[in-house]
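3D model of this:
(2 chains)
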2 protein chains.
Amino acid sequence: MMFEQLGLIGCGLMGGSFALALKRAGLVKRVVGYSPSPATVERALQLGVIDQAATSAEAAATGSDLVLVAVPVAATEATFKTIQHLITPHTLLMDVGSTKSDVVAMGQRALGKHIGSFVPAHPIAGKEVSGIEHADADLYVGKQLILTPMESTLAPALQKALEVWTALGCHVVQMSAQDHDAAYAAVSHLPHLLGFAVMNAISGQAKGAEFLSLAGPGFRDFTRIAASDPKVWRDIMLSNRDEILAQSRLFQQSLQALDALIESGDSQALEASIRKASHTRAKWHMVQSKK
Amino acid sequence: MMFEQLGLIGCGLMGGSFALALKRAGLVKRVVGYSPSPATVERALQLGVIDQAATSAEAAATGSDLVLVAVPVAATEATFKTIQHLITPHTLLMDVGSTKSDVVAMGQRALGKHIGSFVPAHPIAGKEVSGIEHADADLYVGKQLILTPMESTLAPALQKALEVWTALGCHVVQMSAQDHDAAYAAVSHLPHLLGFAVMNAISGQAKGAEFLSLAGPGFRDFTRIAASDPKVWRDIMLSNRDEILAQSRLFQQSLQALDALIESGDSQALEASIRKASHTRAKWHMVQSKK
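Sure, this is the predicted structure:
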């Protein structure tokens, strides 16, 4: 498997890292990149992330047998509309968004008869920083990659998507967009929501700044995800609203149950509840690709 | 500054790491160690954490000019009672507990006229694993160390405490036990409580195990502290109950405010709130010793 041309629409952390990884693996002949900011495109050229600058999403997709739309989810539908006439049954079109039901709906609205070439993808990888400067050929190595094909997805497109991410070192998992959004509401969106809430809760106190200056390594790791990009996470929270609010309610019940044990001083039940959490976490291991 | 003998009462992660660091720095001639489990004492000897095994806390404190009580907070008062007659004005007695008001009260009850030699200490360091096997001479390097001296604390004891932790590479901060407990309720105890609650909330769902298998690096870092020792954290939650419950209430208000913005779909206000959290976290840096 070798692609003639990657059309990269959105030269940020996720898109840039994909281009670098693809080039390193020798899976693409050239990368044509577009971002709304000319400075970003210029920097992507300088860093060797892309080989050629495009002045529009359309120009990036033209002649590309692989198109990666790595823009904020809110901008995905407009991007699809712009490029839909350039997608053929031989193109592989993917996104990298953190929510999938919304992206599937966008594809169905905007891609028309070309929907079969679109394979929605979500790499379970990221950094607390964003932008082309942090693009990293190793970002996806050993990580999980979720594909959420639709009934209309063409088998060759799905096969190519599976192969390319596997070749980049990902452990590829397939599921429905709905199952994806339910799972990631619990294990990704909820933790981010809690991270944002804890930063605001502490910094909003009179002594918040002083408290923060005393925080240590546990706090550092716990709140790392709270530094994530505000626009991206605003979109995720709104797009997967119902699942996230359901997870937040379950979480608050769990927290209030612990609060009640602390308040009543029920030492045995409190220890048992903490032990359950601690045991679950200690035996948990992140699924990683064997590659 | 050089100690003749460290009496180490409690050969776990915290105590063992202190002994290893002290020996590596050449600040102690010998370490006499005691733990309730003979197997632990034996292993501490094998690993070179201690030089001599004691059969009781009393035996470990006998002849020691430095005594570190590194036992669960719940066992601290009983330990103090056992050894109080061995503490002189020339002894430096410290603990390493995560809560300080309770330990100060224990000292006042159990140490009697020897209270002046006791300098309550809390190293802002830890691992999600416990036990002598994980003892590490580098555990405290570059970390903050909080001392909460009382009015009765003897100046030479406080000075020695400051010097020894500084020599181990810590950034030493002094404050009252009450201020300590308020600050760490916010930046340590609350995050642990949330970590335990999130593990229980997810694993308690019908699809919890499946969800957990899909979690990635963000979840891994966010929940690292949830694997902490259940007995230690039961004690902390009960000992600092009022401050922790107050922080939990503030946190829930903060979370519910975000939930309301998600529910109402107020995109601008939601982005602003996430941005505030993200900005606070991005500009935060853990205070580290320059040494």
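
If we ignore the residues flanking it in sequence, what's nearest A:G169?
Distances taken as Cβ to Cβ, 6 or more residues apart in numbering or on different chains place A:V141 nearest to A:G169, at 3.9 Å, with adjacent residues excluded. Just so you know, the C-beta spots here come from the backbone N, C-alpha and C atoms, and that holds for glycine as well.

tell me, how many neighbours does that neighbour end up with?
16 (other Cβ atoms under 10 Å in any protein chain shown).

Kindly report the same for the one 10 residues further on.
A:E151 is flanked by 6 other residues according to other Cβ under 10 Å.

So it belongs to a strand, correct?
No: using DSSP: H, G, I helix; E, B strand; the rest coil, the assignment for A:E151 is coil, not a strand.

Verify the stated contact: the residue nearest to A:G169 with A:H171.
No: counting by Cβ atoms under 8 Å, A:V141 stays clear of A:H171, with 10.5 Å between them.

Near chain B, which residues of the stretch 1-150 of chain A are found?
Applying Cβ under 8 Å from any Cβ of the partner chain, we find that the stretch 1-150 of chain A lies next to chain B at A:I124, A:A125, A:G126, A:E128, A:K143, A:Q144, A:I146.

For those residues, please prepare a markdown table with the additional fields secondary structure, pLDDT and neighbour count.
As requested, the residues of the stretch 1-150 of chain A next to chain B are exported to a markdown table (DSSP: H, G, I helix; E, B strand; the rest coil; pLDDT from 0 to 100; neighbours: other Cβ atoms under 10 Å in any protein chain shown):
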| residue | secondary structure | pLDDT | neighbour count |
| --- | --- | --- | --- |
| A:I124 | coil | 95 | 24 |
| A:A125 | coil | 91 | 22 |
| A:G126 | coil | 79 | 22 |
| A:E128 | coil | 71 | 18 |
| A:K143 | coil | 96 | 22 |
| A:Q144 | strand | 97 | 23 |
| A:I146 | strand | 98 | 25 |
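
How about the spatially most central residue of chain A: what's its closest non-neighbour residue?
For chain A, the residue nearest the mean C-alpha position is A:S98 (3.9 Å; Cα atoms, centre = their mean). With Cβ to Cβ, 6+ apart as the measure, A:I236 is the residue that lies nearest to A:S98, at 5.1 Å, once sequence neighbours are left out.

Would you confirm that the one you found belongs to a helix?
Yes: under three-state DSSP, A:I236 sits within a helix.

Share the number of residues neighbouring it, please.
27.

low-scoring stretches of the stretch 151-291 of chain A, by residue?
Judged by pLDDT under 70, the stretch 151-291 of chain A has its weakly predicted residues at A:289-291.

can you rerun that using 90?
A:287-291 (pLDDT under 90).

any chance you could map the strands in it?
Secondary structure of the stretch 151-291 of chain A (DSSP state E, counting those that start in this stretch): strands at A:171-174.

Show me where it has its helices.
Counting by DSSP state H, counting those that start in this stretch, one finds helices in the stretch 151-291 of chain A at the ranges A:155-167, A:177-184, A:190-203, A:208-213, A:217-222, A:230-239, A:241-264, A:267-283.

what about A:E133, how many residues close to it?
Using other Cβ under 10 Å: A:E133 sits among 13 other residues.

wait, doesn't A:I124 sit right on A:Y140?
No: A:I124 is not in contact with A:Y140 according to Cβ under 8 Å; the separation is 9.1 Å.

now the end-to-end length of stretch A:42-51.
Counting by Cα to Cα, to the nearest Å, you get 10 Å between the two ends of stretch A:42-51.

Report the mean per-residue pLDDT for that stretch.
For stretch A:42-51, mean pLDDT is 97.

can you check stretch A:6-13 too?
97.

ends of that stretch, how far apart?
End-to-end span of stretch A:6-13 (Cα to Cα): 16 Å.

Can you verify my assumption that the residue nearest to the centre of chain A contacts A:H192?
No: with contacts counted by Cβ under 8 Å, A:S98 stays clear of A:H192, the gap being 9.3 Å.

Now the common contact residues for these two.
Counting by Cβ atoms under 8 Å, 6 or more residues apart in numbering or on different chains, the common neighbours of A:S98 and A:H192 are A:I236.

how many other residues sit next to A:G63?
Counted with other Cβ under 10 Å, residues neighbouring A:G63 total 12.

any idea how far the closest residue to it other than its chain neighbours is from B:M237?
Nearest residue to A:G63, sequence neighbours excluded (Cβ to Cβ, 6+ apart): A:Q5, at 5.7 Å. A:Q5 is 58 Å from B:M237, where distance means Cβ to Cβ, to the nearest Å.
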